[in-house]
Every structure is written in structure tokens, then in C-alpha cells.
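*Asks:* When you get a sec, could you give me coordinates for this:
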Amino acid sequence: MSPRTFHAEQRLLDLISRIRTWKQGSQRAPHKPLLLLLALGRVQRGEPRLVPFSEIEEKLQGLLASYGPARRSYHPEFPFWHLKTDRLWEVPGGERLKKREGSTRPLVTELRRAAGGFLEEIDELLRANPELLRQVAHALLDEHFPASYHKDLLTAVGLDLTSPHARRNPDFRDQVLNAYGYQCGVRSTIRGSILA
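*Replies:* Sure thing, here's the model as predicted:
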């Protein structure tokens, strides 16, 4: 590894450790960590760097409801837009989106026309080094979520940290169940052999 790459990786881990999250007493908002974990899952699966907000909005809202403090409403647009301030994320063309009155944040309807993702250099680092991706994911989990959440949360965002080369498709379970008609695959195979 070149000194330049090493420095870039250490800088990324430092940025991850410094992401700014809303806190009140012992309660903290997990908006940005959840979005980052979702984005890491996309990188691990080889999906495009930029994801339309309209594509990720519902998933992120569900994660906020499941893994964040109880709220009357959930706002996935907050991390999608504000993560830019942590020097990890970008929303290309975001400056042209119509903003809320008295705010720097775009209207949700405007944000649905935009896409966001890791900065290019960060995306390239993560794709080139699966071990770095795992380190970033572990840092986010350990800092922002209780250990009892980790396994289910990793499944929810489609991340597999057991192997640096693993690729987990979050829809795989449903696809297998559908293929076997929601019956035991082993039993179906044995029965098919007997009837053959």
C-alpha cells in the first residue's frame, strides 16, 4: 500500500469517527449512520455510486423507524442532504434545487429529483479495499448502535461483514422461498427424486 493510499484510508476513518449527529442527553439521532450503512451495502454489492433519493427514501425511513428513537414522523431527507457537511457525501446539482423558505435544505419534492452518494475518491477507496469497508461499517455500528442491533441491522442494509469479499443480496431469502414455493428445498428435492 502506498503512503498516499494509507493516508487517504486513515483520513476516511477519521471522518467517520467525527460525523456530527444530533444528541439530547443520552439520546442520539442515527440518521447519518443509517444512511452510511445503506451506502456501504450498495458499494459492497457493486451498485452505482449515486443513488436517487426517491429510490432510497422509503428504505431509509423504515430504518429510522426501526433503529432510531420513536418519533411522530421520520425524515430521511435530513441525512441525505446534511451528510454533505461531514465531507463524505455529495448531492450533485443540489445547489440548483428549490429550497425551503428560510432554510438551506431543499424541499422534499425537489430532493426526489436528485441523487447522492459517497464522494468519488471515498467510493473508489471502499471499492478497492473490502477490509476498509468492513472497518468503516464496524466503526459506525460500534459508535452508534447497541450490539443487540448489529446482526439485524446488517441484514436490513444488506451488508455482510463476515468476509471482505462477501456480497449479500437482501432479496436473496425471498427469491429462494419463492423459487421453492415457500416449502423446504431439501424436502422438495428428495420428493422430486423419489417421484422421478
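*Asks:* for this protein, what helix or strand is lowest in average pLDDT?
*Replies:* Ranking every helix and strand in the chain by mean pLDDT, DSSP states H and E puts helix 185-195 at the bottom, with a mean of 47.
*Asks:* for residue 157, what are its contacts?
*Replies:* Neighbouring residues of residue 157 by C-beta atoms under 8 Å, 6 or more residues apart in numbering: 34, 37-38, 40-41, 63, 170. All C-beta atoms are positioned from the backbone trio N, CA, C, and that covers glycine.
*Asks:* Please repeat the previous calculation with a cut-off of 7 Å.
*Replies:* By C-beta atoms under 7 Å, 6 or more residues apart in numbering, the contact set of residue 157 is 37-38, 41.
*Asks:* So for the most centrally placed residue in the chain, what's the pLDDT?
*Replies:* Geometric centre of the chain, nearest residue: residue 38, 1.0 Å, by C-alpha atoms, centre = their mean. On pLDDT, residue 38 comes in at 97.
*Asks:* How about residue 73?
*Replies:* For residue 73, pLDDT reads 86.
*Asks:* Next, residue 162: secondary structure please.
*Replies:* coil (DSSP: H, G, I helix; E, B strand; the rest coil).
*Asks:* Send me the strand ranked longest in the chain as PDB with only the CA atoms.
*Replies:* Ranked by residue count and defined by DSSP state E, the top strand of the chain is strand 115-118. In PDB, the C-alpha atoms belonging to strand 115-118 read as follows (Å, rounded to 0.1, in the frame of the first residue of the first chain):
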ATOM      1  CA  ALA A 115     -29.200  11.600  -6.400                       C
ATOM      2  CA  GLY A 116     -26.500  11.400  -3.800                       C
ATOM      3  CA  GLY A 117     -23.600   9.200  -2.800                       C
ATOM      4  CA  PHE A 118     -20.100   9.000  -1.400                       C
END
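*Asks:* neighbouring strands for it, and are they parallel or not?
*Replies:* strand 51-52 (antiparallel), strand 89-90 (antiparallel) (DSSP bridges).
*Asks:* pLDDT on that strand, on average?
*Replies:* On average, strand 115-118 scores 98.
*Asks:* Quick check: buried residues in that strand?
*Replies:* 115-118 (16 or more other C-beta atoms under 10 Å).
*Asks:* now swap in stretch 115-128 and tell me
*Replies:* 115-119, 122-123, 125-126.
*Asks:* Give me the contact list for the longest strand of the chain.
*Replies:* 39, 49-53, 80, 88-91, 123, 126.
*Asks:* Repeat the analysis, applying 6 Å as the threshold.
*Replies:* 39, 49-52, 80, 91 (C-beta atoms under 6 Å, 6 or more residues apart in numbering).
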